[in-house]
Each structure stands twice: as structure tokens, then as C-alpha cells.
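here is a sequence with its predicted model. Questions after.
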Amino acid sequence: MKRLNWCFFILIGLILSFLSGCGDKKELKIFKMTGAAQGTYYAITYCSDNNENLQPAVDSLLKQFDRSVSEYLPTSIISRLNNNDTTATADNIYETVFKKSMEVSAASDGAFDITVGPLVDAWGFGFSKKAKVDQAMVDSLLTLVGYRKVRLSKGKLIKTDPRIRIDFDGIAQGYTCDWLAQFFETKGIHNYLIDIGGEVLSHGQKPDGQLWSVAIEMPAKNAVDERQIQTILLLKDKAITTAGSYRKYYEENGTRYSHTIDPSNGYPVKHNLLSVTVIANDCITADAYDTVFMVMGLEKSKGFLVNHPELQAYFISDDQHGGFTIFYTPGIEKLIKQN
Ligand code: ADP
Ligand code: MG
């Protein structure tokens, strides 16, 4: 999934207090589980009247998820379809992520594009080492990029060129939260906070009847600086994810290149936007749009958001004087936790 492991999570699901009881008529108790998945951590908190240990089931669901859409597994469905293995067939997870990706590509005029993989690699953010990139190389790789060049038909990936590759890194981790949430719902559990490497889905309320709190991280000056909290939001039945350009990047001649690629020109995005946090009804949507806004930059995103009231976003930009400038959509105001 997201490369560079958990050094790079941006949001931290912050459970601010653990009080006894779950604020319900039944004898509900609070459970918390943490572990490793997708090259990062997971942390899940939920309320239940059942003592059953759900962690083995969660771990096995996470493994199933990887077998579908993790490019790190050479035998996963995504890897096999990318490698033109005709015996591979998309499963429900792959189909859901693919379909949502296409929807968001169309809605964002191609800012979101799961075929950017060859460019991600060339610019040194993928599996291979950074190549010496020049305009001719970008032009040639761009012939392998474009969401209209791929489609799914009866579980088979149809590509206009066999070298085209699918990269779900900008969206799949968010979907993991939604997918795990379905499991908790089938167990009759409706109050939970699922955090996978900073992609967070909240449902219901905290044990003490309060809303779930999630922190937005203050961008660090460089990739290794300590994490500090920018602000805390209170959420109910919402997902929140962040894309940032301040942990995964490289600098060349004083310019910082982020790991988000602008599919319209084939270059890593270069603007003052340090991070974008998106709040949506589900986590797959939030995760796709954090990437979209990273590509669009602040001004274009503002225009887009006016027509998309179902999305809220919090932007942190570099003010070029060692500080930050903040912009957030009107719906964020009432979510901010007051001290
Ligand atoms: P983060 O890793 O910062 O949380 P994202 O959710 O934006 O962020 O995912 C970034 C990953 O998405 C990149 O590493 C790359 O694999 C992929 N990616 C880069 N540019 C695009 C794009 N324009 N559309 C879709 N995916 C992209
Ligand atoms: Mg994303």
C-alpha cells in the first residue's frame, strides 16, 4: 500500500479519553486493538457487549485485502493483472477500488489517475530507483498514462498497451477502513474508530458518549521531524484522510518534489500546499480526494469544493516565510474542538 511505511502516516486517530462503560443500556465494554498492516499501523477502538477476540479476524481480513490490491505481493490480484496474467480475475475489493477510481477521475477531469504508476516509478517514488528524467522520457511515459486507457470487463483488466499499470496507492488504504467497518457492522458493532496509518473512519460515538476526536498533524519542516498537532476535529459517521507533500518528497536545486504526480503534464506537483485533509462520508472518497486536491493545488480545489458540499477540506500551505497559511471549507468550523 502506501510506500515508506508508517514513518509517513499523517493523521493520528486520537482517542482522548477512555472512560468506563459505553453510554448504553446494555453492558457495553470498550475494546482496543493495534497491529501492523499495509506497511503501517492500525488502531481500532470499538464498543461491544461481547468478549469475543476479533483481532484474528481483523488480521485475516487485512491479509485478504493485501492479496487483492497490494502491489507489494507479487501474487496479488493487482500485481497479476498489472503483469498481464490472463488467469487473474478481479475480486470485489479490486472492482470497488477500480470503479471508485474511475468515478473520481471523471469528476476531477483526470487529476486522479490510477495509471500514473510508470511516472511514480520514474520520479523515484515507486519500487525502482529514480531514473534520470527528461522531457522526452516524460512524454514517452505519458503514452502509458490515462484512465481512459483501462477498463474492467468481467473481472479482466483491458489495457490499450500491456505496459500500462494500475497504482491504487492514492485510494486503497482509505477503502480498507470502509471494508473493515462492514465487518464490525455484521458483528452488531456500530460505535468504532478505525485508523489505518492515518486514514480514519469514525462511526457512532466514544464510550463516554462524546464524539470521536481526530487530530490533523502540523506539517513538519522535513521528513523526520517530530509530529505535532495542528488542530483536533470532532467527527460523527465521517471519514478523514490526509495527503501530504512534507514527508515523501525529494529536493533538487532547492525545489521540493512531492510523490503526487500531475497526470496532465507527468511531473510531480510543485506548489506551496503541504497537506490536504479531506472529510467525507466514507474513507475511500476522502482518500481519493486528498490526492485530487494535492494535484489541483489550493485555488483550483477551492473552486471545485464550492460545487461539492459533500466534501470538506483543510489545507495547510507553506507561507514561504517559515510559517503556514491555513484554509478550510465552511463545514470544518463546527467540527473544530474548542479548548
Ligand atoms: P499520502 O501517501 O500522502 O497519504 P495519497 O493518498 O495522495 O497520499 O497517495 C499518494 C500515492 O498515490 C502516490 O504514492 C502514488 O502511488 C499515487 N499517486 C500519485 N499521483 C497520483 C494521481 N494523480 N492520481 C492517483 N494516484 C496518484
Ligand atoms: Mg489519497
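Yep, it's here. Residues are numbered from 1 along each chain as shown. Ligands and ions are numbered 1, 2, ... in the order given.

so Ile332 makes contact with Ile279?
Yes. Taking contacts as C-beta atoms under 8 Å, Ile332 lies within contact range of Ile279: 7.4 Å. (Glycine included, C-beta is placed from N, CA and C.)

what residues do those two have in common as contacts?
Leu233, Gln312, Ala313, Tyr314 (C-beta atoms under 8 Å, 6 or more residues apart in numbering).

bridging residues for the second one?
When bridges are called by DSSP bridges, Gln312 pairs up with Ile279.

burial of it, as a residue count?
By other C-beta atoms under 10 Å, the residues close to Gln312 number 22.

do the same with Arg67
16.

not counting sequence-adjacent ones, nearest residue to it?
What sits nearest to Arg67 in space, not counting adjacent residues and going by C-beta to C-beta, 6 or more residues apart in numbering, is Ser76, at 5.4 Å.

could you do Asn191 as well?
Gly204 (3.3 Å).

got the residues of the protein near ligand 1?
For the chain, the contact set with ligand 1 under C-beta under 6 Å from any ligand atom comprises 2-3, 112-114, 116, 120, 125, 167, 169-170, 243-244, 259-261, 263, 287, 290-291, 294-295.

tell me which of the residues you listed fall in strands.
Here DSSP state E is the test, and those give Ala243, Gly244, Ile261 as lying in strands.

of those residues - the most surrounded one?
That'd be Ile261 among those, by other C-beta under 10 Å, with 28 neighbours.

for that one, give me its contacts.
Contacts of Ile261 (C-beta under 8 Å, 6+ apart): Val116, Leu119, Val120, Trp123, Tyr267, Pro268, Val269, Val295.

if any of these are buried, give me the PyMOL selection for them.
Per 16 or more other C-beta atoms under 10 Å, the buried members of these correspond to this PyMOL selection:
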select buried, resi 116+119+120+123+268+269+295
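
looking at Ile332 and Ile279, which is more packed in?
Shown here are Ile332 and Ile279; by other C-beta under 10 Å, Ile279 has more neighbours (26 against 18).

am I right that that one is in contact with Asp237?
No. Checked against C-beta under 8 Å, the pair Ile279 and Asp237 is beyond contact range at 10.9 Å.

just the helices in this structure please.
With DSSP state H as the criterion, the chain has helices at 55-69, 77-82, 92-107, 117-122, 135-142, 172-186, 283-306.

relative to Lys32, which of these is closest?
Minimum separation from Lys32 across the helices of the chain (C-beta to C-beta) falls at helix 55-69, 10.2 Å.

by contact count, what packs against that closest one?
With contacts taken as 3 or more C-beta pairs under 8 Å, 6 or more residues apart in numbering; DSSP states H and E, helix 55-69 sits against strand 29-37, strand 40-48, helix 77-82, helix 92-107, helix 172-186.
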